[in-house]
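Enquirer: Take a look and give me a structure for this.
(2 chains)
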There are 2 protein chains.
Amino acid sequence: MTGAPGAAELAGRVARGDTAAIGRMITLVERRAAGVNAALSGLHGQTGRAHVLGVTGPPGSGKSTLVSALTAEYRRAGRTVGILAVDPSSVFTGGAILGDRIRMGTLAGDRDVFIRSLATRGALGGLSRAALDAVTVLDAAGKDVIILETVGVGQAEVDVISAAHSVAVVSVPGLGDGVQALKAGLLEIADVHVVNKADRDGADRTVAELRDMLRLVRHEPGGWRTPICKTAAARGEGVAGLIELFDKHLSWMDGNGERERRSRRNAATRIRWMAEELVLDRLRPGIPDFDRAVADVSARRDDPVSAARALIGQLRK
Amino acid sequence: MTGAPGAAELAGRVARGDTAAIGRMITLVERRAAGVNAALSGLHGQTGRAHVLGVTGPPGSGKSTLVSALTAEYRRAGRTVGILAVDPSSVFTGGAILGDRIRMGTLAGDRDVFIRSLATRGALGGLSRAALDAVTVLDAAGKDVIILETVGVGQAEVDVISAAHSVAVVSVPGLGDGVQALKAGLLEIADVHVVNKADRDGADRTVAELRDMLRLVRHEPGGWRTPICKTAAARGEGVAGLIELFDKHLSWMDGNGERERRSRRNAATRIRWMAEELVLDRLRPGIPDFDRAVADVSARRDDPVSAARALIGQLRK
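Expert: Below is the predicted model of the structure:
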């Protein structure tokens, strides 16, 4: 536990909802700084209260505007909001996307809205993990609603979105081949379909196409029937209706155990990622046991399977 | 150890160079079948003799034709060849690419050439791992030369290519913005640059562009100076010269310890991947300790960090 202020002290301030502390803690999470695991460990007990939303869709679908409009609407209802924009393709860490939002005058300066862009740092898996840990930070800080915004392409983003309770997949009229452009994987994860920019020509056709696709999905009795919601986020139209759908979805999840199932799936993902990290942190160049194993495997005195087994056996020491 | 024949028996046949056994063993490797780790463990001691080549470049650069021409040339010199075509974007497992090669009449039916396409099965990491293990199989089977062919885009392919001793990055005249289309990451891993389809207009310009880019790279004294080689693989032109460059590169590596360095880097990657696999195989739904930890973390009786630590502590049992 090092740093000034240390991760542990920071965690205490996060739990009290201190905005500067939230920002600094997420930076530590991104950097996997010393002490961060202990701090996250402490914060975990205070999580589980936020409604975590996923908003995903292709570039140009107006996701950022929709997220801003949703946030303004939640704020009107007195709910606090944390936004995590996850963009593995961006080399910027907060520039462009954050700039976009600052232009949304309604949100800037509101202490009950926290906005952060997360971009790739090293491995893709690292981004997913940082995003899940940032959800922990915002949840423990008492945000009522956490919005994960992603462009929804790679596996990493599917991992991220799996942390959400309710996922909105955003389409837009006249973008490429309409809804045909939606990846099959995205269709499967949608709890709500949003046709944004619904004031444009072709919105009804996009809705009809989505409806046709949803007809092909088999429904279990008592299962959730994915609704289609039209919004014109830039004008704020349809946004209150979308929030009603999110709330309805959360109630449905609570009613039939689905929230608990997702919570367990999320816990399993977190435990596995953490175990991977703990193991690989001990198996790297510079660690004497590891260096010895590498030399032995390279010289064929040992093989990767036996070497890995032996190193794992030494881990608890 | 299960299956008929078991992985262990198969490993014995692989070591004797049995083509059918090589194919079956690689299938087991792709499926991570029972007993496969023990079999790989046994084969590792017989590896280290093959010259492992990486051939990478964008779609349309004629990689497959180049690999076929290289193989024909190696065979003329009496050297045996194993080819692994790694294509994470392909949903086929051997259809299209293999078909391509069968049309290359010279290779079909040659028992000293082994050709296999590996495509995505589940996670990308799984493909990289299967490719490295398939290299182990072909090396232990006594292939003199192993060619890893990839389209060279994602991280997984950079991982795969890191298993190669000598990497050829293939460009082609008039494709997109010429060599500008080469990803920076690919430039860094090139030991040889190949301008294929060099009988086309613009080949000299592509060579000149590459030369300009290589001028920007700093050279250490005694370091390898990445050569540029023109080929017209469909006519077999320049291919013998390319093989000379590969051989020269291998001698250079042997002379200054670079081969040993790459061997260690490769061993480190293999040990880490194997450790990850061993750990995650014990941390999954259905394993009682893991299920209990998931329930505890989900109910906030425990947190992911402590749960992961405790599970790792139990691993050696």
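Enquirer: after the helix or strand of chain A with the lowest mean pLDDT, next one along is what?
Expert: Every helix and strand of chain A was ranked by mean pLDDT, DSSP states H and E. The lowest is helix A:95-103, at a mean of 45. Using DSSP states H and E, the next helix or strand after helix A:95-103 towards the C-terminus is strand A:113-119.
Enquirer: and the angle for the helix or strand that comes right after that next one with helix B:124-140?
Expert: Counting by DSSP H and E, the next helix or strand C-terminal to strand A:113-119 is helix A:124-140. Orientation check (axes from the mean of the first three to the mean of the last three Cα atoms, to 10 degrees): helix A:124-140 against helix B:124-140 gives 150 degrees.
Enquirer: which helices and strands does helix A:124-140 pack with?
Expert: Packed against helix A:124-140 by the contact rule (3 or more Cβ pairs under 8 Å, 6 or more residues apart in numbering or on different chains; DSSP states H and E) you find helix A:7-15, helix A:19-31, helix A:36-44, strand A:81-87, strand A:113-119, strand A:145-150, helix A:155-161, helix A:258-282. C-beta here means a position set from N, CA and C on the backbone, and glycine is covered the same way.
Enquirer: ok, now with 7 Å
Expert: helix A:7-15, helix A:19-31, helix A:36-44, strand A:81-87, strand A:113-119, strand A:145-150, helix A:155-161 (3 or more Cβ pairs under 7 Å, 6 or more residues apart in numbering or on different chains; DSSP states H and E).
Enquirer: want to throw the ones you listed into CSV with distance to chain B and mean pLDDT?
Expert: Shown next, in CSV, are the helices and strands packed on helix A:124-140 (distance: least, Cβ to the nearest Cβ, whole Å; pLDDT from 0 to 100):
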stretch, distance to chain B, mean pLDDT
helix A:7-15, 12, 90
helix A:19-31, 12, 91
helix A:36-44, 4, 93
strand A:81-87, 17, 87
strand A:113-119, 16, 83
strand A:145-150, 17, 93
helix A:155-161, 7, 67
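Enquirer: Those: which one's closest to B:Leu210?
Expert: strand A:113-119 (30.8 Å; Cβ to Cβ).
Enquirer: Just checking: what are the partner strands of that closest one?
Expert: Looking at strand A:113-119 with DSSP bridges, its partner strands are strand A:81-87 (parallel).
Enquirer: just for chain A, where's the confidence low?
Expert: A:1-5, A:87-109, A:119-126, A:152-158, A:175-186, A:316-317 (pLDDT under 70).
Enquirer: mind giving me the domain ranges of it?
Expert: A:1-46, A:48-256 (automatic domain parsing).
Enquirer: With mean neighbour count as added columns, please give those domains in a markdown table.
Expert: Output for those, formatted as a markdown table (neighbours: other Cβ atoms under 10 Å in any protein chain shown):
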| stretch | mean neighbour count |
| --- | --- |
| domain A:1-46 | 18 |
| domain A:48-256 | 19 |
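Enquirer: Can you lay out those as JSON lines showing distance to B:Val86?
Expert: Shown next, in JSON lines, are the domains of chain A (distance: least, Cβ to Cβ, whole Å):
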{"stretch": "domain A:1-46", "distance to B:Val86": "30"}
{"stretch": "domain A:48-256", "distance to B:Val86": "17"}
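Enquirer: residues from the stretch 201-317 of chain A in reach of chain B?
Expert: A:263-264, A:267-268, A:270-272, A:274-276, A:278-280, A:283, A:285, A:293-295, A:297-298, A:300, A:303-309, A:311-313, A:315-316 (Cβ under 7 Å from any Cβ of the partner chain).
Enquirer: PyMOL command for the buried members of those?
Expert: Entered in PyMOL, the line below selects the buried ones among those, by 16 or more other Cβ atoms under 10 Å in any protein chain shown:
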select buried, chain A and resi 263+264+267+268+270+271+272+274+275+276+278+279+283+293+294+297+298+303+304+305+306+307+308+309+311+312+315
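Enquirer: And A:Ser61, how close does it get to A:Thr231?
Expert: Applying Cβ to Cβ, to the nearest Å, the value for A:Ser61 to A:Thr231 is 11 Å.
Enquirer: Next, show the common contact partners of those two.
Expert: Residues touching both A:Ser61 and A:Thr231 by Cβ atoms under 7 Å, 6 or more residues apart in numbering or on different chains: A:Asn196.
Enquirer: Contacts only, for A:Val135.
Expert: Contacts of A:Val135 (Cβ under 7 Å, 6+ apart): A:52, A:84, A:146, A:163.
Enquirer: from those, which is closest to A:Arg200?
Expert: Of the contacts of A:Val135, the one sitting nearest to A:Arg200 (Cβ to Cβ) turns out to be A:Leu84, at 28.1 Å.
Enquirer: what sits against the closest one?
Expert: A:116, A:118, A:131, A:134-135, A:146, A:148-149.
Enquirer: can you rerun that using 10 Å?
Expert: The neighbours of A:Leu84, taking Cβ atoms under 10 Å, 6 or more residues apart in numbering or on different chains as the test, are A:26, A:52, A:67, A:114-118, A:130-132, A:134-135, A:137-138, A:146-150, A:160, A:163.
Enquirer: Distance of the closest residue to A:Val172 other than its chain neighbours relative to A:Ile161?
Expert: Closest residue to A:Val172 apart from its sequence neighbours, by Cβ to Cβ, 6 or more residues apart in numbering or on different chains: A:Ser61 at 4.4 Å. Noted for A:Ser61: a distance of 15 Å to A:Ile161, by Cβ to Cβ.
Enquirer: those strands in the stretch 151-300 of chain A, which residues are they?
Expert: Counting by DSSP state E, counting those that start in this stretch, the stretch 151-300 of chain A has strands at residues A:166-171, A:192-195, A:228-230.
Enquirer: Including distance to A:Arg259, could those go into CSV?
Expert: Shown next, in CSV, are those (distance: least, Cβ to Cβ, whole Å):
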stretch, distance to A:Arg259
strand A:166-171, 10
strand A:192-195, 16
strand A:228-230, 21
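Enquirer: Would you mind saying which of those strands lies nearest B:Ala34?
Expert: Of those, nearest to B:Ala34 by Cβ to Cβ is strand A:166-171, at 36.4 Å.
Enquirer: what's the angle from the closest one to helix A:258-282?
Expert: Going by the same axes, to 10 degrees, strand A:166-171 makes 90 degrees with helix A:258-282.
Enquirer: CA-only coordinates of strand A:166-171, as CSV, when you get a sec.
Expert: C-alpha atoms of strand A:166-171 as CSV (Å, rounded to 0.1, in the frame of the first residue of the first chain):
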residue,chain,number,x,y,z
SER,A,166,-29.9,-3.8,-18.6
VAL,A,167,-28.4,-3.4,-22.0
ALA,A,168,-29.7,-1.0,-24.7
VAL,A,169,-28.5,-1.7,-28.3
VAL,A,170,-28.8,1.5,-30.3
SER,A,171,-29.7,1.4,-34.0
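Enquirer: neighbouring strands for it, and are they parallel or not?
Expert: When DSSP bridges is applied, strand A:166-171 pairs with strand A:51-56 (parallel), strand A:192-195 (parallel).
Enquirer: Give me the angle between that strand and strand A:145-150.
Expert: 40 degrees.
Enquirer: How far away from the center of its chain is strand A:166-171?
Expert: 13 Å (Cα atoms, centre = their mean, to the nearest Å).
Enquirer: now the helices for the stretch 201-317 of chain A?
Expert: A:203-215, A:239-256, A:258-282, A:288-298, A:304-313 (DSSP state H, counting those that start in this stretch).
Enquirer: Looking at the ones you listed, which is nearest to B:Val192?
Expert: Here helix A:288-298 is closest among those (Cβ to Cβ), at 24.1 Å.
Enquirer: so how far is the closest one from its chain's centroid?
Expert: So, by Cα atoms, centre = their mean, the centroid of helix A:288-298 is 37 Å from its chain's centroid.
Enquirer: Nice, that's everything, thank you.
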